[in-house]
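Colleague: I would like the atomic coordinates for the input below:
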Amino acid sequence: MDKLIEQVRIYCKKMSGQDMPIKALDKQISGKLPLAITGSYLCYESELMGVPIILMEVRNDDYTPKQLQKHQAMMIRLVGKYAVFVINHAKSYHISRMVDGAVNFIIPDKQIYVPSLLVNLREVKDGRKLDEEVMPGIAQCLLLYHLQRGNLNGWTAKNLAEKFNVSYASMNRALRWLEGKELVKMDGGKEKSLVIVEKGKLFWNKALPMMPSPVERVVYAENSSIADKPDAGESALEKLTMMASPETPCKAVSKLWAKEHKDMLNKSYGDCMVEVWRYDPMLLAQDNIIDPLSLYLSLQTNDDERVRMELKNLIKNIKWLEE
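Modeller: Okay, the predicted model is just below:
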């Protein structure tokens, strides 16, 4: 095992408190990989938070974030495991572009960013080891509502809890998280009110690196049983852009709905794909279609060039509120 990979093992144990087993890549797996992978990376099998991954040590410094994004998608297709790139040094603008592109990476002694597993660990100045950067679902829903549906400045935690149908404690935790990331402020006395610090696209760009896909898992159902739910995935992209209609329609439901209707859902079979979301898609949907920003977040790691082109058009045509 080379020095950089050993640094990764030590750093991950320091940050997560868990041992990280690392071994040479199995020959059956390496035999499936094209020269574009084997010539650019040293590959190892490992686990992160109990999930099998492939560590891919970048061999030289002439990589691009877009290249990493492409090879990450390739590894899922070929091996069925998440790729996590090991990088010795990275310029700040490269890190920003990797975060924007949802690229999994580890920079020893600096950062572990694995959005595929909703993991982002960094050392912070106050001595805490874990800094959770992934935005809570209800906090994300609140920000996307403000950007697309209506101004939430001046609302109290109690008002917001009622509007988004969550407990006061859950909303309070979400607001504290947002305030800790300097995305919002809470002003006033005992009954504080919300102040969102940026407007429109500036606010979106500031929050985007912290926003994961709303999709927690994908299951299937019969289309007739779920027809009243909002279109999602490529079905929504078709309605909002020039994208062609997908072969399999896609709908979105909340975790609560999925739990209450689990008998209607199947992991593998059904003529409709069903995305189970971290927040209720109905809170943001219009005309039975999920909101554009959640749609962007759900598809931003898709490696289909047609999808990526239409996502760019989607963001370009957003009518930002508060601008």
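Colleague: what's the spacing between the nearest residue to Ala73 once chain neighbours are set aside and Lys23?
Modeller: Setting aside the residues directly before and after it, Ala73 is nearest to Asp303 in space (CB to CB, 6 or more residues apart in numbering), at 3.7 Å. In this view, the C-beta of every residue, glycine as well, is placed from N, C-alpha and C. Using CB to CB, to the nearest Å, one gets 28 Å for the distance from Asp303 to Lys23.
Colleague: out of those two, which sits in the busier spot?
Modeller: Set side by side, Asp303 and Lys23 give different neighbour counts by other CB atoms under 10 Å, the larger being at Asp303 (14 against 10).
Colleague: The more buried one against His71, yeah?
Modeller: No - contact criterion CB atoms under 8 Å: Asp303 and His71 do not qualify, at 9.8 Å.
Colleague: Okay, domains of the chain per the record?
Modeller: The chain resolves into domains spanning 3-122, 137-210, 215-316 when parsed by automatic domain parsing.
Colleague: Can you name the residues that contact the residue sitting nearest the centre point of the chain?
Modeller: When the chain is reduced to its mean C-alpha position, the closest residue under CA atoms, centre = their mean turns out to be Pro212, at 2.2 Å. The neighbourhood of Pro212, defined by CB atoms under 8 Å, 6 or more residues apart in numbering, consists of 115, 118, 134-135, 140, 278, 297.
Colleague: can you tell me the average pLDDT over stretch 315-323?
Modeller: Confidence for stretch 315-323, expressed as mean pLDDT, is 81.
Colleague: remind me which residues of this protein are low pLDDT?
Modeller: 1, 92-93, 118-133, 322-323 (pLDDT under 70).
Colleague: Let me see the ranges of the helices in the stretch 1-150 of the chain.
Modeller: Across the stretch 1-150 of the chain, reading from the start of the chain, the helices by DSSP state H, counting those that start in this stretch fall at 3-16, 27-30, 35-38, 65-79, 92-100, 137-148.
Colleague: Of all those, which one comes closest to Gly188?
Modeller: Checking the helices of the stretch 1-150 of the chain against Gly188 by CB to CB gives helix 137-148 as the closest, at 17.8 Å.
Colleague: ok, residues contacting that closest one?
Modeller: In this structure, residues lying in contact with helix 137-148 by CB under 8 Å, 6+ apart are 135, 152-153, 160, 164, 166, 170-171, 174-175, 177-178, 183, 196, 200, 203-204, 207, 211-212, 214, 277-280, 283-284, 291-294, 318, 320-322.
Colleague: Filter the residues you listed down to just the ones in strands.
Modeller: With strands identified by DSSP state E, the entries of the contacts of helix 137-148 that belong to them are 196, 277.
Colleague: Separate out the buried members of the contacts of helix 137-148.
Modeller: For those, burial is judged from neighbour counts taken by 16 or more other CB atoms under 10 Å, and it is met by 135, 152, 160, 164, 166, 170-171, 174-175, 177-178, 183, 196, 203-204, 207, 211-212, 214, 277-280, 283-284, 291-294, 318, 321.
Colleague: For stretch 187-201, list every residue counted as buried.
Modeller: By neighbour count on 16+ other CB under 10 Å, the buried set for stretch 187-201 is 193-194, 196.
Colleague: Can you measure across that stretch, start residue to end residue?
Modeller: Between the opening and closing residues of stretch 187-201 there is a gap of 23 Å (CA to CA, to the nearest Å).
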